[in-house]
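# Test case, fold it:
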Amino acid sequence: MDEKVIIIGGGCFWCIESIFQDIKGVLSAVSGYAGGHDDHPTYKTVCMGVTGHTEVVKITYDNDQISLGQLLEIFFVMHNPTTLNRQGNDVGTQYRSAIYYSEESDLEVINTAVANAEEIWGLPVVTEVDTDQVFYPAEAYHQNYYKLNPQQGYCQYVISPKLTKLRQKYAALLSVILLMLVPLIGTTQDIVIPLDGEPLETITGIPLMKVNFYLMNAENRSDPKTTVQIGENIKILNMEFEGLIRFELGHIVLDERQVYLPEIKNEIYGTGSEIIREFTQPIEIQGGVNIFVCETYATDGNVGELLGFTPVLKARQYAYEYNTPRFDRIYLSYLGLEEATTLVHEMGHFLGLKHPWRLDSINLELQGLTSQAIIDQNHMSYTAEVHEFTDQQLERMQHFALQFRRYLCVEIDQ
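Have a look, this model is predicted:
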């Protein structure tokens, strides 16, 4: 037996431990803490963020049965390595993505796995990679947590769905993972996740999504008129999605910083997104559709150059089907908030449609959309005549909300 060790962290250690306990070739998976500066970390101090540690799992494995590369491929599929200090609703440095290794030869394997993960997700990986980090086992009650507490709320609503999905769909992902690993390990090896879980129940019904609004430049914009416009937008959303998805106002957050929508878009579609993190991280609420309302540049006649946009999910479907996509946000301008159909349009993008409008030939011609190529390159206009979705589009959006953004649903009416 060629026994080796790797320490990994990707959110709550209960979830990481439960996944790798079921992998053939893994000899043990122990929950604990690493990457900090305190010699006596406890769950309480780690959760307070004062020790610098992250929740990790120390994996001991038989390299004759499974390689480090294969373990890391599973690791990068089962959590989101592109969100800094966050996994789903778990937020804080103790939930950061991390890999701690001890053998120098492991670094090349880790770097290759990171590169593969960035190709899969289409976004920069922020996983911390370091060597010689001291591992501190977590308290006894954290060990083997999922298997001992399957009825606990977090286990039922976070871990169980992920385990079931992975067990059911891993066969479909196996060829992708092994193809990536062939140059790395030379030969393919079997990875076995027992298919003993209950089949994933097909959820049908009407999901309820909370919608949070963040008013930037609030000193000049937080007036009764804006509040009325927000209420009107929620009303229009519910009219458009009636019987399929329900929206409810969650929070209105005021922030005095002045942010311009075109600059935000340039950052997202440019080389970096530091400006996004700077103004979103301190105020963003988890567990809802977050809508940032910013200033825009205006031309003559007070026509906004940019009314709104929604970042495209760049991860491949199988990756964000199991995880939280990086962007759970819609960006609007204050001018866009005044237009009744702007948010409807952007919500269509958010829920999975590239261009969610049905336009007749006259409207297409009036808007200069004279070819499919032009249509593909441009957003549609925001007028009262173009707010209707097709039945097929609504069905797709409901499916997307239920299956891929289920973590945003507050409840589902059966």
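# Per-residue pLDDT of Y260, please?
Note for Y260: predicted pLDDT of 88.
# D413 now?
73.
# Likewise for I99?
On the pLDDT scale, I99 gets 96.
# Quick check: phi and psi on it?
With angles defined as degrees, to the nearest 10, I99 sits at phi -130, psi 120.
# In contact with the closest residue to H142 other than its chain neighbours, which residues are there?
Of all residues not flanking H142 in the chain, S31 sits nearest, at 4.8 Å (Cβ to Cβ, 6 or more residues apart in numbering). The way it works is simple: take the backbone N, C-alpha and C, and place the C-beta from them, glycine included. Applying Cβ atoms under 8 Å, 6 or more residues apart in numbering to S31 gives the contacts F13, W14, I16, E17, E55, V56, V57, P137, A138, H142, Q143, Y145.
# Could you report the pLDDT at S31?
Looking at S31, its pLDDT is 93.
# and the helix or strand hosting it, which residues are buried?
Assigned by DSSP states H and E, S31 belongs to strand 26-34. Neighbour counts over strand 26-34 (16 or more other Cβ atoms under 10 Å) mark V26, A29, V30, S31, G32, Y33, A34 as buried.
# Return it as CSV; C-alpha atoms alone will do.
Presented in CSV, the C-alpha positions along strand 26-34 are these (Å, rounded to 0.1, in the frame of the first residue of the first chain):
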residue,chain,number,x,y,z
VAL,A,26,-9.6,6.8,0.8
LEU,A,27,-8.4,5.2,4.1
SER,A,28,-9.6,7.9,6.4
ALA,A,29,-11.1,11.4,6.3
VAL,A,30,-10.7,13.5,9.5
SER,A,31,-12.2,16.9,10.1
GLY,A,32,-10.1,19.6,11.6
TYR,A,33,-8.4,23.0,11.2
ALA,A,34,-5.4,24.2,9.4
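# could you give me the average pLDDT of the next helix or strand after that strand?
Tracing the chain C-terminally past strand 26-34 and defining elements by DSSP H and E, one meets helix 43-48 next. For helix 43-48, the mean per-residue pLDDT is 89.
# contacts for helix 43-48?
Applying Cβ under 8 Å, 6+ apart, the contact partners of helix 43-48 are Y33, G36, D38, T51, H53, T54, E55, G92, Q94, A138, E139, H142.
# follow-up on the earlier one: for the buried residues of strand 26-34, work out which two are farthest apart.
The widest separation within those, taken as Cβ to Cβ, falls between V26 and Y33 and amounts to 19.9 Å.
# Dump the buried residues of strand 26-34 to TSV, plus distance to L244.
Listed next are the buried residues of strand 26-34 as TSV, based on distance: Cβ to Cβ, whole Å:
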residue	distance to L244
V26	42
A29	41
V30	45
S31	41
G32	45
Y33	44
A34	45
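# low-scoring pLDDT stretches of the protein, where are they?
88-89, 146-147, 149-203, 268-275, 298-305, 312-327, 354-369, 372-387, 404, 414 (pLDDT under 70).
# Using the record's domain definitions, break it down for me.
3-185, 206-413 (automatic domain parsing).
# quick one on the thing from earlier: which of the contacts of helix 43-48 lies closest to E242?
Checking the contacts of helix 43-48 one by one against E242 (Cβ to Cβ), the nearest turns out to be G92, at 38.4 Å.
# List the contacts of the closest one.
C47, G49, N85, R86.
# go again using 10 Å as the cut-off
V46, C47, M48, G49, T54, E55, N85, R86 (Cβ atoms under 10 Å, 6 or more residues apart in numbering).
# And V91, by the same measure?
Counting by Cβ under 10 Å, 6+ apart, V91 makes contact with T83, L84, N85, Q281, E284, Q286.
# so which two of the residues you listed are the farthest from each other?
Spatially, the most separated pair among the contacts of V91 is L84 and Q286, at 13.9 Å (Cβ to Cβ).
# Please, where are all the strands along the stretch 251-400 of the chain?
For the stretch 251-400 of the chain, the strands defined by DSSP state E, counting those that start in this stretch occupy 289-294, 298-299, 303-304, 308-309, 329-333.
# Next, the angle from the longest one to strand 329-333.
When you say that, I think you mean strand 289-294. 30 degrees (axes from the mean of the first three to the mean of the last three Cα atoms, to 10 degrees).
# Tell me the strands beside strand 289-294, with direction?
strand 206-215 (parallel), strand 329-333 (parallel) (DSSP bridges).
# I412 contacts G205, correct?
Yes: between I412 and G205 there is a contact at 4.5 Å, judged by Cβ atoms under 10 Å.
# any common contacting residues for these two?
Counting by Cβ under 10 Å, 6+ apart, the contacts common to I412 and G205 are L402.
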